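My questions are about this predicted structure, shown below with the sequence.
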Amino acid sequence: MYKLIRSILFLWQPEKIHDFVSAVLKLLDKIPLMPVLIRLIYSYRKPCLEKEVFGVKFKNPVGLAAGFDKDGDAYNALANFGFGFVEIGSLTPKPQDGNPKPRCFRLTKDKAIVNRMGINNKGIRHAVSHLQKDKSRCPIGCSITKGRDTSMADAYKDYEFSFEYLYDFVDYFVLNVSCPNVKDATKNQSLENITPIIDKLLELRIMYDDYRPILLKISPDVTKDYLDDIINLVLISGLDGIIAANTTSKREALKSNKKLISKAGQGGLSGQPLYDRSLELVKYIYAKTNGHLPIIASGGIMTPQQAMEMLDSGASLIQVYTGFIYNGPKFVKKINKFIVRTLMERQK
Ligand SMILES: Cc1cc2nc3c(=O)[nH]c(=O)nc-3n(C[C@H](O)[C@H](O)[C@H](O)COP(=O)(O)O)c2cc1C
């Protein structure tokens, strides 16, 4: 059934469909009893899915990755589809338009998306006003990043502003230093530039009574040396975990027509082609940290089996974005059911 709906939806530009679907979901969430009905159909709860990671309690380990609910105004409508958590953002202190449209493309043969959105968002204040009004039904993470016009030297000020503004309204933070679609993408993730941001936020966090975990989201395109340095930095600084990983700038072994790939142009590739690399990163980080550091696996999880493989390989939680688009609203339930079935079979 979803395949048919998808073939119709895929006739339109991805960003248009995204905005249309988000608007419909928000509308449905406002109709009395509709959220309950959607949850009845799509969510799946079992005690064995519940877990506590970095001090936050999750009803299940499947989250919605950053970028879908950039502005933080559809998280409850999305949570109805069974997500254990939703990550909003990436947000910047001030609203910004992002890159010129069109900036999002499907590579259907590869079950992939190429995007160069450029962190379009309505800014921190918009998200907070919504978070204040609409109490979240599941843990909410927030991905924060620096504004387009903020210099690298001042980047920590943007992170500081967003961190303080959001602190009482979200359950964990993610520092998005790995977006490939912004100016100075490579510089953004240099250790030299990340360290003062991390130091500042950790210093600030001490002042709060409640603890908010802070994670770092890395690029799948990192070199082994850089990855080792990042892992050391995370461990030494006392950050709470790593999200592996963001979209890739690489275009390896794609099945899509070359013309289509070149029409999509530059940007971050997500979806199926990313899976092997993100799995490799999860395994590496898990081994290197002796399983002591929480890892959220993100990147190319397109089947329940892959979700399970990520958890088996050391991920504490997983996130999906492109898989949700290609598999439809039942995807989260399918993953959770598969996890439960697998765990039960293993107990036999
Ligand atoms: C259209 C689009 C926009 C995205 N925007 C963000 C973003 O603002 N911040 C971020 O950290 N990741 C963003 N991502 C990356 C996703 O959060 C995720 O890490 C990536 O897509 C890999 O997962 P997937 O293969 O399941 O999609 C975006 C991805 C897509 C497809």
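Alright, I've got the coordinates. On a predicted model such as this, the values are computed, not experimentally measured, just so you know.

what about residue 16, helix or strand, and which?
Following DSSP states H and E, one finds residue 16 within helix 14-30.

ugh, wrong one, I meant residue 11
Going by DSSP H and E, residue 11 is not in any helix or strand.

for residue 87, same thing?
Per DSSP H and E: strand 85-91 holds residue 87.

what ranges of this protein fall below the confidence cut-off?
Across the chain, not a single residue meets the criterion (pLDDT under 70).

what ranges do the helices span in it?
2-9, 14-30, 34-42, 75-79, 124-133, 155-166, 185-188, 191-205, 224-237, 258-264, 275-288, 304-312, 322-327, 331-347 (DSSP state H).

what's the closest of the ones you listed to residue 53?
Each of the helices of the chain has some distance to residue 53 by Cβ to Cβ; the shortest is helix 304-312, at 11.5 Å. The C-beta positions use only the backbone N, C-alpha and C, and glycine is treated the same way.

Would you mind getting the angle between that closest one and helix 275-288?
20 degrees (axes from the mean of the first three to the mean of the last three Cα atoms, to 10 degrees).

what does helix 304-312 rub up against?
Helix 304-312 has contacts (Cβ atoms under 8 Å, 6 or more residues apart in numbering) with 61-62, 275, 278-279, 282, 297, 300-301, 318, 320, 334-335, 337-339, 342.

redo that, cut-off 7 Å
Contacting residues not belonging to helix 304-312 are listed as 61-62, 275, 279, 282, 297, 301, 318, 334-335, 338-339, 342 [Cβ atoms under 7 Å, 6 or more residues apart in numbering].

Now render those as JSON lines, adding distance to residue 308 and neighbour count.
Output for the contacts of helix 304-312, formatted as JSON lines (distance: Cβ to Cβ, whole Å; neighbours: other Cβ atoms under 10 Å):
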{"residue": "61", "distance to residue 308": "10", "neighbour count": "24"}
{"residue": "62", "distance to residue 308": "11", "neighbour count": "30"}
{"residue": "275", "distance to residue 308": "13", "neighbour count": "20"}
{"residue": "279", "distance to residue 308": "12", "neighbour count": "21"}
{"residue": "282", "distance to residue 308": "13", "neighbour count": "27"}
{"residue": "297", "distance to residue 308": "11", "neighbour count": "32"}
{"residue": "301", "distance to residue 308": "10", "neighbour count": "32"}
{"residue": "318", "distance to residue 308": "9", "neighbour count": "28"}
{"residue": "334", "distance to residue 308": "11", "neighbour count": "17"}
{"residue": "335", "distance to residue 308": "8", "neighbour count": "29"}
{"residue": "338", "distance to residue 308": "6", "neighbour count": "15"}
{"residue": "339", "distance to residue 308": "6", "neighbour count": "22"}
{"residue": "342", "distance to residue 308": "6", "neighbour count": "15"}
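
okay, among those residues, which ones form the most distant pair?
282 and 334 (20.7 Å).

of all the residues in the stretch 51-200 of the chain, which ones are close to the ligand?
By the rule Cβ under 6 Å from any ligand atom, the part of the stretch 51-200 of the chain lying against the ligand is 65-67, 70, 89-90, 104, 113, 115, 117, 119, 143, 176, 179.

nearest residue to whichever residue of the chain sits closest to the ligand other than its sequence neighbours?
Using Cβ to the nearest ligand atom, residue 67 is the residue of the chain that sits closest to the ligand, at 2.3 Å. Nearest residue to residue 67 in three dimensions, chain neighbours excluded: residue 321, at 6.1 Å (Cβ to Cβ, 6 or more residues apart in numbering).

do the same with residue 325
residue 113 (7.0 Å).

what's near enough to touch that neighbour?
Taking Cβ under 7 Å, 6+ apart as the definition, contacts of residue 113 comprise 14, 104, 105, 106, 270, 271, 322.

Which residues does it form beta bridges with?
residue 106, residue 270 (DSSP bridges).

OK, contacts around residue 243?
So residue 243 contacts 174, 215, 217, 296, 298 (Cβ under 7 Å, 6+ apart).

Quick check: the first one touching residue 217?
Yes: under the contact definition of Cβ atoms under 7 Å, residue 174 touches residue 217, with a separation of 5.2 Å.

got any residues that touch both of those two?
Looking at what touches both residue 174 and residue 217 (by Cβ under 7 Å, 6+ apart), the common residues are 143, 243.

and the gap between residue 83 and residue 43?
Taking Cβ to Cβ, to the nearest Å as the measure, residue 83 falls 8 Å from residue 43.

who's more crowded, those two?
Applying other Cβ atoms under 10 Å to residue 83 and residue 43 shows that residue 83 carries more neighbours, namely 26 against 19.

Beta-bridge partners for the closest residue to that one other than its chain neighbours, please?
Spatially, and ignoring its direct neighbours in sequence, residue 83 is nearest to residue 64 (5.0 Å; Cβ to Cβ, 6+ apart). Following DSSP bridges, residue 64 is listed with bridge partners residue 86, residue 320.

Count the neighbours of the residue nearest to residue 105 when sequence neighbours are not counted for me.
Using Cβ to Cβ, 6+ apart and skipping residues adjacent in sequence, the residue nearest residue 105 is residue 264, 3.8 Å away. Residues lying near residue 264 (other Cβ under 10 Å) number 23.

Show the contacting residues for residue 264.
Residue 264 touches 105, 107, 114, counting by Cβ under 7 Å, 6+ apart.

With residue 272 instead?
Taking Cβ under 7 Å, 6+ apart, one finds 110, 111, 112, 300, 302 in contact with residue 272.

And residue 74, by the same measure?
22, 25, 26.
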